[in-house]
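*Asks:* What follows is a predicted structure for the sequence shown.
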Amino acid sequence: MNNIVVMPMVIPLLMGVILIFLRPFVKAQRVLSMVAMIATVIATVYILNLIQSDGILRLDFGGWLPPYGILFVADSFSTLLVLTTAVVTAIILLYSFSSVGPRYENMFFYPFVLFLVAGVNGSFLTGDLFNLFVCFEVMLLASYVLITLGGRRVQLIESIKYVVINVLSSWFFLVGIAYLYGTIGTLNMAHLSVRIAEVGQGPLLTVIGIIFLLVFSLKSGLLLYFWLPGSYSAPPTAVAALFGALLTKVGIYAMFRTFTLLFYHEPHITHTLIGVMAAITMVGGSLGAIAYDDVRQIVSYNVVITVGFILVGLAVFNEVAIIGSIYYLIHDMVVKALLFLLAGTMIYLTGKSRLADMSGLIRNYPVLGWLFFITTLSLAGIPPLSGFIGKLYIGQGTVGAGAYVLLAIAFLSGMFVLYSLLRIFMNCFWGETIISEDDEPPLRNRLLLPCVLLGIATFVLGVGVEGISDYVRDAAYTLMNPEVYVDAVLNDEK
Amino acid sequence: MKINDVILQTVTKLVVFIILTFGVELFFSGHNDPGGGFIGGLVLSSALVLLFLVHDIETVEKGIPVDFKKVAAVGVLFVVGTGVGAVLFGASFLSQAFGHFELPVFGSTELATVVLFEAGVAMAVVGTVVTIMLSISEDV
Amino acid sequence: METLITILIGVLVTVAVYLLLSRSLIRVILGSAVLSHAVHLLLMVMGGLKKGSVPLLGEQAEAYTDALPQALILTAIVISFAVSAFLLVLAYRTYKETGLDDLHELRGFTDE
């Protein structure tokens, strides 16, 4: 029993509810939401270190032992993601303080951000498949509200697509759960893992696995990403950054969890399928990223490319590649948040979103320009920034597995990322200045500070990669050896 | 919009109390039998929705001056609160406890913390349903 | 009985898919509601229909029905209730903003 495990979900949830009563007091809401995120960060760091000393932690809700009750399980993989979520959300909150404006802040903006975080953290930590569905829904409902908040026409229209797609994918999730319960008779993930290993992953279970693949690829935008660019470019910057940093990652996490813990017996079917889907995603995302000339669309397609890239690690399915994927996942949560914030800031400053309408911004806003350049380099995987190490490991793992086609596509997509972002950089930051120094809108430090913080974070993650390597190795070890997870959940020595 | 349907209003005056009583009955029977906070809450909110339908919104709000968004929030606070309460007593998150107490009028009675949890669920349901009804109907 | 319910689920899914594919927004929402009911039934059938007594304290029976699917269904109903309510309000707001409830006409409708 480790009640601390549930804290990353309960703290934001409880604070979110309290903030509803503080609707008129915007200042108090800002302070309290920040306090909640910092408390979450502290709790998560504590959990992470506890895992290193005591092994995987679990908490049985209401004292109901697994496999009967529902439970939270914290291993290094999930806790690392929770930590990144909390840090990134705190920084995005900092940005939203000075960007979203009272019109949103009065309409329960902060409570719903906190609910979103509660749902995301719950999804990372849960050890029960149905509970995963519930946490997904908490997260999605909060995201529905955030995407429509403000009620501009484009938001409303995009959110209809977004909501209906997610309703459909939740439906498939329930279908998968129903089939799995009908076949195996349990929904506890560790118990499922044991029973699937016992009966063998026959054709029926593989099909169920593919249903889950379909669900999670809809959520994460693997191959089925058609809804993503539209939805992510509609809401205000802070919300788009939250979505870009967090939402797809939850789908990716769920895919890693299910295809390393449950359906790992037939990798030549499921993991090959993931590989093919990842390859097509990267190609499609690359085409989208170079085809559009709207900054928001380009940035959204970059999210798509990354989803494909991270899942290459799962597709080749060896420990080195998984380590790479975890590094890249953490890196991407930080850098995508930064990229969305920068793109949003550019649009805020110029009032335009097309490449052709912006030019020479670096003269007006040098820091913004260089930050964008750093982001580009980091996403392209130039050392010493944080993207490098993940790319290296994924590349090494892919070579080890002999998947050269996947390797080629993965690294070519990296070129397209670089090209698409450099295109923004060249068009918008270089060239003739269009804004004279007299009437340039001031870039307030409060807007710039969160971007700088995230820029420092990507640098620190790249240089200080040794600091988290123990955690990442442990996470990859647990993912590749499901018996460790199963043993921690089902054996009751405590 | 003012409507003035005498029959509907008279019947509603009576029926609302029957529905409310039934909701409370369902809520309490949920302890050991079918029923519970969610169902009870739905029935309670159906009574409120009936009131909103028959009278106009202003009249009902004068009679029941409650912000239903806050009712829902209080409900969620109860639900999470009972979970966190268990943590404060050193038990697992969401643990429930019960005990038998000698009460002056009722005699030996079983009191359980799960009632608080269910009350939270009921309040959350009532708050949500009424908020949805009001937000759709407000500007028709 | 299981077969009968399974056929019913099939009918519900058919109806729902038909509704989802139509152009009217309100039909799409109704379709999503029907779809979720189909999956609730599916959950129930997958748990096995009425194999024993009610899973309540005080019932001295040899076998009890599995209560888990019912818990799952209740949770799923609550969630689909919330999502449907949200979708309805969303559709209503969209209609008020744009005057449209036809998905084809809403497509590419971006002017602010």
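*Replies:* Thanks, I have it. Residues are numbered from 1 along each chain as shown, chains lettered A, B, ... in the order given.
*Asks:* Next one: residue A:17 from chain C, what distance?
*Replies:* Going from residue A:17 to chain C by C-beta to the nearest C-beta, to the nearest Å gives 16 Å. Where you see a C-beta, it was placed from the backbone N, CA and C, and this is true even at glycine.
*Asks:* contacting residues around residue 116?
*Replies:* Defaulting to chain A. Applying C-beta atoms under 8 Å, 6 or more residues apart in numbering or on different chains to residue A:116 gives the contacts A:139, A:142, A:143, A:146, A:242, A:246.
*Asks:* Correction: the question concerned chain B.
*Replies:* Contacts of residue B:116 by C-beta under 8 Å, 6+ apart are B:78, B:81, B:82.
*Asks:* out of those residues, which touch chain A?
*Replies:* residue B:81 (C-beta under 8 Å from any C-beta of the partner chain).
*Asks:* ok, the contacts of residue B:116 vs chain C, which is closest?
*Replies:* Distance ranking of the contacts of residue B:116 against chain C, using C-beta to the nearest C-beta, places residue B:78 first at 16.3 Å.
*Asks:* Surely the closest one and residue B:123 touch.
*Replies:* Yes - at 6.6 Å, residue B:78 and residue B:123 qualify as touching, with contact defined as C-beta atoms under 8 Å.
*Asks:* residues contacting the closest residue to chain C within chain A?
*Replies:* Closest to chain C within chain A is residue A:182: 3.3 Å, counting by C-beta to the nearest C-beta. For residue A:182, the contact set (C-beta under 8 Å, 6+ apart) comprises C:45, C:46, C:47.
*Asks:* Could you export those residues as JSON lines, including secondary structure and pLDDT?
*Replies:* Formatted as JSON lines, these follow (DSSP: H, G, I helix; E, B strand; the rest coil; pLDDT from 0 to 100):
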{"residue": "C:45", "secondary structure": "helix", "pLDDT": "90"}
{"residue": "C:46", "secondary structure": "helix", "pLDDT": "86"}
{"residue": "C:47", "secondary structure": "coil", "pLDDT": "80"}
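*Asks:* what's the closest of those to residue A:167?
*Replies:* If you rank these by distance to residue A:167 using C-beta to C-beta, residue C:46 comes first, at 20.6 Å.
*Asks:* Can you tell me how far the closest one is from residue A:265?
*Replies:* 22 Å (C-beta to C-beta, to the nearest Å).
*Asks:* Looking at these two, which one has more neighbours?
*Replies:* residue C:46 (22 against 15; other C-beta atoms under 10 Å in any protein chain shown).
*Asks:* So which of the contacts of residue B:116 sit within helices?
*Replies:* Using DSSP state H, the members of those that fall in helices are B:78, B:81, B:82.
*Asks:* Which one of those is nearest to residue A:305?
*Replies:* Nearest to residue A:305 out of these is residue B:81 (C-beta to C-beta; 43.9 Å).
*Asks:* pLDDT score assigned to the residue of chain A closest to chain C?
*Replies:* Residue A:182 is assigned 90 on the pLDDT scale.
*Asks:* Next: residue A:90.
*Replies:* Reading off the model, residue A:90 has pLDDT 95.
*Asks:* that older thread, using JSON lines, please lay out the contacts of residue B:116 together with distance to residue A:191 and neighbour count.
*Replies:* Compiled in JSON lines, the contacts of residue B:116 are given as follows (distance: C-beta to C-beta, whole Å; neighbours: other C-beta atoms under 10 Å in any protein chain shown):
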{"residue": "B:78", "distance to residue A:191": "31", "neighbour count": "22"}
{"residue": "B:81", "distance to residue A:191": "30", "neighbour count": "17"}
{"residue": "B:82", "distance to residue A:191": "27", "neighbour count": "22"}
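*Asks:* So what's the residue count around residue A:423?
*Replies:* Using other C-beta under 10 Å, residue A:423 has 16 other residues around it.
*Asks:* doesn't residue B:99 make contact with residue B:109?
*Replies:* No - Residue B:109 is beyond contact range of residue B:99, at 9.7 Å (criterion: C-beta under 8 Å).
*Asks:* Find the nearest non-adjacent residue to whichever residue of the stretch 201-350 of chain A sits closest to chain B, please.
*Replies:* Using C-beta to the nearest C-beta, the closest approach of the stretch 201-350 of chain A to chain B is made by residue A:235 at 20.2 Å. What sits nearest to residue A:235 in space, not counting adjacent residues and going by C-beta to C-beta, 6 or more residues apart in numbering or on different chains, is residue A:147, at 4.9 Å.
*Asks:* phi, psi of the one you found?
*Replies:* As for residue A:147, its main-chain torsions (degrees, to the nearest 10) stand at phi -70, psi -30.
*Asks:* List the contacts of it.
*Replies:* A:155, A:158, A:159, A:162, A:231, A:234, A:235, A:239, A:243.
*Asks:* No further queries at this time; thank you.
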